[in-house]
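Student: Need a 3D model of the sequence below.
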Amino acid sequence: MGYMTALSLAEEMDLDQGLRIHLQSNHYPPVPLTMVGPCKEAIAKANSNEWEASIKLPKGVSCKGSNFASVLDIVNAHHLTAFLEN
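Tutor: Residues are numbered from 1 along each chain as shown. Model (predicted):
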C-alpha cells in the first residue's frame, strides 16, 4: 500500500470510489469517510492552484484546532498527490 496503490485507484476508479478505498485502506488508522467530500474539494482546488484556500471540515474533525483546513494541509495529510492532475 502507498503511493502506487493510490495512483492505481486514481487511474482505475471514479474519484469517489478511489478516495473511499484510499482513505480506509491506505491509512492507519483509517480516515473517516466523512472526509471524502473535503478531499474531493481539496483535489479540485489544488488542480486550480488554489493551495491556500480554506475548506470546511466535517463535524468532529479539526486541523490545528480549527474546523477549516487549507488545501495544502488536506492534500498532505491525506496523501492525495496521486489524485491530482499532472
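
Student: Just the pLDDT for A46.
Tutor: If you check A46, the pLDDT there is 98.

Student: Quick one: residues contacting it.
Tutor: 71-72, 75, 80, 84 (C-beta atoms under 8 Å, 6 or more residues apart in numbering). From N, CA and C alone the C-beta is placed, and that goes for glycine too.

Student: Also K59?
Tutor: K59 touches T34, counting by C-beta under 8 Å, 6+ apart.

Student: After the lowest-mean-pLDDT helix or strand in the chain, which helix or strand is next?
Tutor: Ranked by mean pLDDT, DSSP states H and E, the weakest helix or strand in the chain is helix 3-12, scoring a mean of 93. Downstream of helix 3-12, the next assigned helix or strand under DSSP states H and E is helix 15-25.

Student: so how far is that next one off the chain centroid?
Tutor: 9 Å (C-alpha atoms, centre = their mean, to the nearest Å).

Student: Next, the buried residues of it.
Tutor: 18-20, 22-23 (16 or more other C-beta atoms under 10 Å).

Student: Low-confidence bits of the protein, can you list those?
Tutor: Within the chain, the ranges that satisfy pLDDT under 70 run 1.

Student: who touches the most centrally placed residue in it in this structure?
Tutor: Nearest to the mean C-alpha position of the chain, by C-alpha atoms, centre = their mean, lies C39 at 3.3 Å. Contact analysis of C39 by C-beta under 8 Å, 6+ apart lists 19, 23, 74, 78, 80, 83.

Student: Which of the residues you listed sits closest to P32?
Tutor: L23 (7.7 Å; C-beta to C-beta).

Student: returning to what we had before: would you mark the buried spots in the least confident helix or strand of the chain?
Tutor: Neighbour counts using 16+ other C-beta under 10 Å place 6, 9-10 of helix 3-12 among the buried residues.

Student: what do you get for stretch 60-79?
Tutor: Going by neighbour count (16+ other C-beta under 10 Å), the buried part of stretch 60-79 is 63, 69-71, 73-75, 78-79.

Student: N47 - nearest residue in space that isn't next to it in sequence?
Tutor: E85 (4.8 Å; C-beta to C-beta, 6 or more residues apart in numbering).
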